[in-house]
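Novice: have a look at this prediction, sequence included:
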Amino acid sequence: MRRLWLALPAFLGAACIAAAIAIPLFLVPQLRVVPLDLDITSVATTVPEDGSSGDRFPAEIFDRCSVSERKARVLDAHLTQQRRSVIVDPSDKRQATLQSAQTVQIDRVRDAAGNETDPSMAGADGERKCDDGLLTANIDRVSVNRKSSVPNGTVSSLQLEAAPEGVNPKDVSVDLPDRKGFQYKFGFDVGKRAYLYYDTNTRQDIPVNFKGEKDINGVKTYEFVGDVPETDVSGLPNAQGEAALGTMLTMPASWWGISGRGVKPNDKITMHRYATATRHVFVEPETGTIIDGLEDQHQYFRSPDQSSDTPAPVRDFQMDVLKARFKWSDQTVKNQAETADHYKGLLTLGSFWLPLILGIVGVLLLALWGFLMWRARRNRDGDDTPPADDETATWDAPDAAGTTAGRHEVDPTVPVAGAAAAGAGASLDPWDRPTEQIPRVDTPDETPADDTATQTFTPPPADDSATQTFRPTDEFRPSDDDDETHHFRRPPGE
């Protein structure tokens, strides 16, 4: 168990370092893709081109009801553009399909006489009249590569009219081939260079050029500006292969208000609808999130025949259909800035802070493991205490004949015989020097201290011999080589 606890810091430290290496290599690339939960809602309103405030009618629109009247009319208006982009099928780990529904609503209008009107908008299934509050509507669908955000061609279509119940939306949609530009989101790591941007109104890719940096709600953005060239939108067919409604209009010259040399009031004059625009896009460069948008849209009727055979009053005529500057609302900009800051924070956390923290923790854990191992080894090397034994050792001491005479208890704290001669470092094990442990029998000196080496005594009278020879037993023999005979005299008989 102790070894397990010692190995735990090493295991956790190695795991932290491995995670610090793996997160930037494997996790961060998973974040640098178009999210499958993407849901962007943007609201833009018309603002004066000079940036002034207080103008309640900064836009101009063609009065559709005037088609049935004697003369064409253009109204002052305030408009709101709404767009919501969500992820739909087919979407997977490689591609994401965005569906973006866009509407332009008329909030209020004012005629030449100064009369103001707030148009109402009919329901989705209701009949729309010429004074309906809905000006335009479409649904754009496009599949993009999740890593690059560039259209991949799987889905690219534009729906210009509502699909009746039971009708597949594809049947009322127009294919948009060869689509390459960004639209709802740029790619990651945006540079200070030109990019392609797709314009839905004219159905073409336009270049947008880097203009400069701008701080919006604390987020650094790159501003890109692109001009949409004048385009005859009547040449953009609908799902039936025809010019879309409202892109071509033939009316008398008097209705158009055209007069002059070579033009009669009742001359039928056909005008086409043209569109041009200037678009400003503010992009957070690290994530490619569009933070803010500003676009000047201008759509107008003019003659498609600009040859010298066409009367000058007709060639020079132009009537606005839509003229407005749309700017994203403050709430939309705030939401997009928070979204970009959130994504940017995740990328910074995964690519820098998380690996840094895990790396430091891993190194500290490995250092702790090394210290614990060093301390355990040091304690083990410095411990010279002998193993714990019994306080006394029991051993069999051989007698003088070399046989075991019995078991003797030896106290290790008391020096045994010969220990002084063996020195201070002598072993306490009784069998290290076995001969020194045998009890010693002292040998008498060759010359006895008294004259008792031979003792003579008078034997009892019953014994015929005056003396008796007695040989001492081995027990009393001084040594094995001494064969001396001891004589004892019997005591006098009683």
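Specialist: Structure received. Since the model is a prediction, treat every value here as computed from it, not as a measurement.
Novice: which residue lies nearest the spatial centre of this protein?
Specialist: The centroid of the chain falls nearest to Gly350 when counting by Cα atoms, centre = their mean (4.2 Å).
Novice: so that one versus Lys344, what's the distance?
Specialist: To Lys344, Gly350 is 11 Å away according to Cβ to Cβ, to the nearest Å. In short, each C-beta sits where N, CA and C put it, glycine included.
Novice: repeat that for Ala163.
Specialist: 39 Å.
Novice: tell me where the model's unsure across the stretch 351-494 of the chain.
Specialist: 381-494 (pLDDT under 70).
Novice: dump stretch 158-172 to CSV, keeping only the CA atoms.
Specialist: The C-alpha coordinates for stretch 158-172 follow below in CSV (Å, rounded to 0.1, in the frame of the first residue of the first chain):
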residue,chain,number,x,y,z
LEU,A,158,-32.3,30.3,-52.5
GLN,A,159,-36.0,30.0,-51.8
LEU,A,160,-37.9,33.1,-53.1
GLU,A,161,-41.5,32.1,-52.3
ALA,A,162,-43.4,30.2,-49.7
ALA,A,163,-43.7,26.5,-50.3
PRO,A,164,-47.4,25.4,-50.2
GLU,A,165,-48.3,22.5,-47.9
GLY,A,166,-47.1,19.3,-49.3
VAL,A,167,-44.6,20.9,-51.7
ASN,A,168,-40.9,20.3,-51.2
PRO,A,169,-39.0,23.5,-50.6
LYS,A,170,-36.5,22.4,-53.3
ASP,A,171,-39.3,22.8,-55.9
VAL,A,172,-39.6,26.5,-55.2
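Novice: can you give me how far stretch 132-140 is from the chain middle?
Specialist: 40 Å (Cα atoms, centre = their mean, to the nearest Å).
Novice: likewise for stretch 286-303?
Specialist: 34 Å.
Novice: make 23 the first number, not 1, from now on.
Specialist: With 23 as the first residue, the last one maps to stretch 308-325.
Novice: list the buried residues in the longest helix that the chain contains.
Specialist: Counting residues, the longest helix found in the chain (DSSP state H) is helix 376-404. Applying a neighbour-count criterion of 16 or more other Cβ atoms under 10 Å, one finds Leu376, Pro377, Leu380, Val383, Gly384, Leu387, Leu388, Trp391, Leu394 buried in helix 376-404.
Novice: got it, and stretch 123-142?
Specialist: Under 16+ other Cβ under 10 Å, the buried positions of stretch 123-142 are Gln124, Thr125, Val126, Gln127, Ile128, Asp129, Arg130, Val131, Pro141.
Novice: with distance to Gly73 and secondary structure added, can I get those residues in CSV?
Specialist: CSV is the format used below for the buried residues of stretch 123-142 (distance: Cβ to Cβ, whole Å; DSSP: H, G, I helix; E, B strand; the rest coil):
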residue, distance to Gly73, secondary structure
Gln124, 25, strand
Thr125, 25, strand
Val126, 21, strand
Gln127, 23, strand
Ile128, 23, strand
Asp129, 20, strand
Arg130, 21, strand
Val131, 23, strand
Pro141, 27, coil
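Novice: from those residues, which is closest to Lys192?
Specialist: Gln124 (18.6 Å; Cβ to Cβ).
Novice: tell me the bridge partners for that closest one.
Specialist: Arg105, Asn160 (DSSP bridges).
Novice: got any ranges where the protein has weak pLDDT?
Specialist: Residues of the chain that meet the cut-off, pLDDT under 70, sit at 23-27, 403-516.
Novice: quick one: the helices in it?
Specialist: With helices called from DSSP H, the chain shows them at 24-44, 50-53, 275-278, 334-337, 352-370, 376-404, 441-444.
Novice: contact partners of stretch 178-198?
Specialist: Here stretch 178-198 makes contact (Cβ atoms under 8 Å, 6 or more residues apart in numbering) with 146, 160-165, 199, 201, 222, 225, 258-261, 266.
Novice: recalculate using a threshold of 6 Å.
Specialist: Asn160, Ile161, Asp162, Arg163, Val164, Arg201, Arg225, Asn260, Ala261 (Cβ atoms under 6 Å, 6 or more residues apart in numbering).
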